[in-house]
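J.: can you look at this prediction? I've put the sequence above it.
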Amino acid sequence: MNNNTRHRTAIALAVQWALCAALTPLAAGAQTAEKAPAAPAQAAQPAPQPASQPAQATLRPGDDFFAWANGDWLAKTEIPADRGSWGAMASLAEETNQRIVKLIEDTAGDKAAAGDARKVADYYTTYMDEAAIEQKGTAPLKAGLAKIAAIRDKAALTRALGAGIRADVDPLNATNFFTENLFGVWVSPGLHDPAHNRPYLLQGGLGMPDRAYYLENNERMAGLRTQYQQHIAAMLKLAGFPDADKRAAKVFALEVDIANAHATREASADVQKADNTWTLKDFKQKAPGMDWAAFFKAAHLGDQDRFIVWHPGAATGEAALVGKIDLATWKDWLAFHHINQMAGVLPKAFVEQRFAFFGKALTGTPQQSARWKRALSATNEAMDEAVGKLYVDKYFPAENKARLQKMVANIVDAFGRRIDKLDWMAPATRAQAREKLRTLYVGVGYPDKWKSYTALKVVPGDAFGNALRADEFHTAQEFARLHAKPDRTDWAMPPQLVNAVNLPLQNALNFPAAILQPPFFDPKAPEAANYGAIGAIIGHEISHSFDDQGALFDAQGRLRDWWTKADAEHFKAATAKLVAQYNSYKPFNDLAVNGQLTLSENLADLAGLAAAYDAYRAATGAGANQESDRQFFTGYAHSWRDKTREATARRRILTDGHSLPEYRTDTVRNLDAWYKAFDVQPGQALYLAPEDRVRVW
Ligand SMILES: [Zn+2]
């Protein structure tokens, strides 16, 4: 989840390994998409319940550690009505959003505010002024639609398609594969060329989240297809197009053709399938139908001599459609997507129509989120680091950064000692793991260098123009990186987001300031509790750089499997016990946790907790004792406090790579120290005989 995640809420939020200390329900973050229907509406504060809490009196830690540690919280917390679950991360995101809006409103009222802070305030305030937007009606659309209407031939069409390209996707860090434009571009070091930034070309052109929505043969998808076609017609009608129904039918048929050329979500996640470098000559040969030189020139990418084509099938298929499908249909497709993407800054009728399809029909969200939340999302997206700087200045003191950096260094050291002791890894592989650890960049709180927004023009009263300019500005900023040396300290996530991310091509991790707060990090809490909470998350992310997925990228961020076959086999054998352990958890009589599906994340939890424990013991030296060990493990359990509705829990068990928080908490039963700290004995539900405790790292 990063600044590029346009329309993210419309997409099934399958969280990949690259992005993941976090829970799945990331839609609660500060950064829902600007023009997409925002995440579920107001999270009402959980109503306090009478604290009956007999929990700790009767429960033993060894029977149910999650309930023992979180008894008070579980007793007094209710899941807000508009959420499927509620926990530490969601409530922290909510709280952070409210703080940021207050900051922006204060800045707006401060006549002395200047520079980027003033722009942030103007952007937000202008987005909030619904009356002004209403009064302008469809006038802001006129210039864009006139340009589309003036397209006379396929050469002009190709230029228009190229000019619409944005840096709005990210297949590896944020795993965002969605763009409504014909293609999306991501700028990052080359898969085999860490010394140069390259443009990555990804498939695009659909309004619905994925090809499956166009092609799957079932009642729900068929119903959505009908409603989507009606939505296209409704948007065209609102913008004043005659014969909207006929046009919509053709636009929809074109998108079905595009969907047929698209790769599946699973194939998109396979980096080996994406490893295709094309020159302009390759585009001409492999993807005829479109003048690629003119296309790239219009996209401001005419100076690039090679592209990494993530979706070669779509490049071929979509170019052929540019050649084959009639000009009028393409022009209507362009017009519809322009209107659809700008709906958030158009009059209410557009906003409501967009929500009726993307919110209600597509995601089942009954109510549109409050305007301030959408305005905040839009501002976050338009000026991510400028908002982040305001937030950090107020809420993330330098001493917190220093403390966390020290903690990270200690955990990295502890992880290194564990690598040294691994008996299943070949010495040559171990040396490469050591090198990867040595060169790992861990960003804490906020970037070393802030982005400048000097070149972005924000005009009070022009919400539509601001959105267009911010979009172009962001793309120009990303494309400028094609002419600069890759910098491993570049961030992929803004500081105000409650999340964490692993950047495989940069051999880097980012821990934004917003997650470095209670219950994950509390400057006033005992150090042991912080190591148990945020320390375990830091360890979790570090370990992903060294597991079966991390093995695909070496210390320089090059796509190169540095494990031997034997290493991979040993790893698999060593993990079988953990698969069995999670398979044995049965939250429902008819449904067990899927140990295989959740293996990578469970392993990262285990490795992270173990490394954080070692680091805490090394950092506190002789001071460690039973009491501080209890603080460590309790801190871990607190960071996973959570309540999940049954329907949501069942869906997650089937589709989410992360275990439910309760079982993530149960990772503790694999650490000997937990038994000592809480005097856990045979016969208690979580007790594992020493030989059954899993040690992989
Ligand atoms: Zn993870």
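T.: In hand now; what should we look at? Numbering: from 1, shown residues only.
J.: neighbours of the closest residue to the ion within the stretch 101-250 of the chain, how many?
T.: Taking CB to the ion as the measure, the stretch 101-250 of the chain has T175 as its residue closest to the ion, at 12.2 Å. From N, CA and C alone the C-beta is placed, and that goes for glycine too. Residues contacting T175 under the criterion other CB atoms under 10 Å number 24.
J.: surely it and V271 touch.
T.: No. Applying CB atoms under 8 Å, one finds T175 not in contact with V271, separated by 10.9 Å.
J.: what does whichever helix in the chain runs longest rub up against?
T.: The helix that spans the most residues within the chain, counting by DSSP state H, is helix 398-421. Applying CB atoms under 8 Å, 6 or more residues apart in numbering, the contact partners of helix 398-421 are 425, 430, 433-434, 437, 440, 442, 444-446, 511, 513, 516, 521, 523, 530-531, 534-535, 538-539, 542-543, 546, 607, 610-612, 614-616, 618-619, 697.
J.: buried ones only from those, please, as a ChimeraX command.
T.: For the buried members of these, the matching ChimeraX selection, counting by 16 or more other CB atoms under 10 Å, is:
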select :425,430,433,437,440,442,444,445,446,511,513,516,521,530,531,534,535,538,539,542,543,546,607,610,611,612,614,615,616,619,697
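J.: can you list the low-confidence ranges for this protein?
T.: Filtered on pLDDT under 70, the chain yields the residue ranges 1-57, 622-623.
J.: burial check on L422, number of neighbours?
T.: The burial count for L422: 20, using other CB under 10 Å.
J.: how much space between the closest residue to it other than its chain neighbours and N589?
T.: By the measure of CB to CB, 6 or more residues apart in numbering, the closest residue to L422 outside its immediate chain neighbours is R430, 6.4 Å from it. From R430 over to N589 the distance is 44 Å, taken as CB to CB, to the nearest Å.
J.: again with A88
T.: For A88, the distance to N589 - CB to CB - is 28 Å.
J.: and those two? Which one has more around it.
T.: A88 (23 against 6).
J.: residues touching that one, list them.
T.: P519, F520, H638, S639, W640, R641, D642.
J.: that one and I534, how far apart?
T.: For A88, the distance to I534 - CB to CB - is 11 Å.
J.: ok, now F65?
T.: 19 Å.
J.: can you check G62 too?
T.: Counting by CB to CB - G62 and I534 are separated by 25 Å.
J.: buried sites along the longest helix of the chain?
T.: 400-401, 403-404, 407-408, 410-416, 418-419.
J.: pick out whichever of those residues sits closest to K389.
T.: The shortest approach to K389 among the buried residues of helix 398-421 belongs to K401, at 13.7 Å (CB to CB).
J.: beta-bridge partners for W186, please?
T.: Counting by DSSP bridges, W186 is bridged to Y200.
J.: residue boundaries of the strands in the protein?
T.: Here the chain has its strands, by DSSP state E, at 85-87, 183-190, 193-203, 277-278, 307-309, 441-445, 501-503, 508-512, 642-644.
J.: partners of the fourth one, with directions?
T.: Which is strand 277-278. By DSSP bridges, strand 277-278 pairs with strand 307-309 (antiparallel).
J.: flag every buried residue along the partner strand.
T.: F307, I308, V309.
J.: could I get these as TSV with distance to the ion?
T.: TSV is the format used below for those (distance: CB to the ion, whole Å):
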residue	distance to the ion
F307	30
I308	25
V309	28
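J.: so which residues make contact with stretch 268-287?
T.: So stretch 268-287 is contacted by 16, 171-172, 175, 177, 190-192, 200, 263, 267, 292-293, 296, 305-312, 315-316, 319-320, 552, 559 (CB under 8 Å, 6+ apart).
J.: what about that stretch, distance to the chain center?
T.: 25 Å (CA atoms, centre = their mean, to the nearest Å).
J.: mind starting the numbering at 53 from now?
T.: That works, and once the first residue is 53, the last one we named lands at stretch 320-339.
J.: which of the residues in that stretch are buried?
T.: So for stretch 320-339, counting by 16+ other CB under 10 Å, buried means S320, A321, V323, A326, N328, W330, D334, F335, A339.
J.: ok, of the residues you listed, which one's closest to L197?
T.: A339 (28.6 Å).
J.: restricted to helices, list the contacts of A140.
T.: H690, S691.
J.: most widely separated two among the contacts of A140?
T.: Most distant of those, by CB to CB, are F572 and D694, 13.4 Å apart.
J.: the contacts of stretch 320-339, buried ones only, as a ChimeraX selection?
T.: In ChimeraX, a selection of the buried entries from those looks like this (16+ other CB under 10 Å):
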select :68,223,224,227,229,242,243,252,315,344,348,359,360,361,362,363,364,367,368,371,372,604,611
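J.: and the contacts of stretch 320-339, which of them are in helices?
T.: A319, W344, A345, F348, P364, A367, T368, A371, A372.
J.: next, the contact list for the third one, please.
T.: Translated: A345. Here A345 is in contact with L332, G354 (CB under 8 Å, 6+ apart).
J.: contacting residues around R610?
T.: Per CB under 8 Å, 6+ apart, neighbours of R610: L243, H244, D245, P246.
J.: now distance to the ion too, for those residues, in a markdown table please.
T.: Formatted as a markdown table, the contacts of R610 follow (distance: CB to the ion, whole Å):
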| residue | distance to the ion |
| --- | --- |
| L243 | 22 |
| H244 | 25 |
| D245 | 27 |
| P246 | 23 |
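J.: return the member of these nearest to A164.
T.: P246 (44.4 Å).
J.: isn't the closest one right up against A607?
T.: No. Using CB under 8 Å, P246 is not in contact with A607; the gap is 9.4 Å.
J.: list the residues that contact the closest residue in space to V631 that isn't next to it in sequence.
T.: Residue nearest to V631 in three dimensions, not counting chain neighbours: G647, with 3.7 Å by CB to CB, 6+ apart. Neighbouring residues of G647 by CB under 8 Å, 6+ apart: L630, V631, A632, Q633, Y634, N635, N654.
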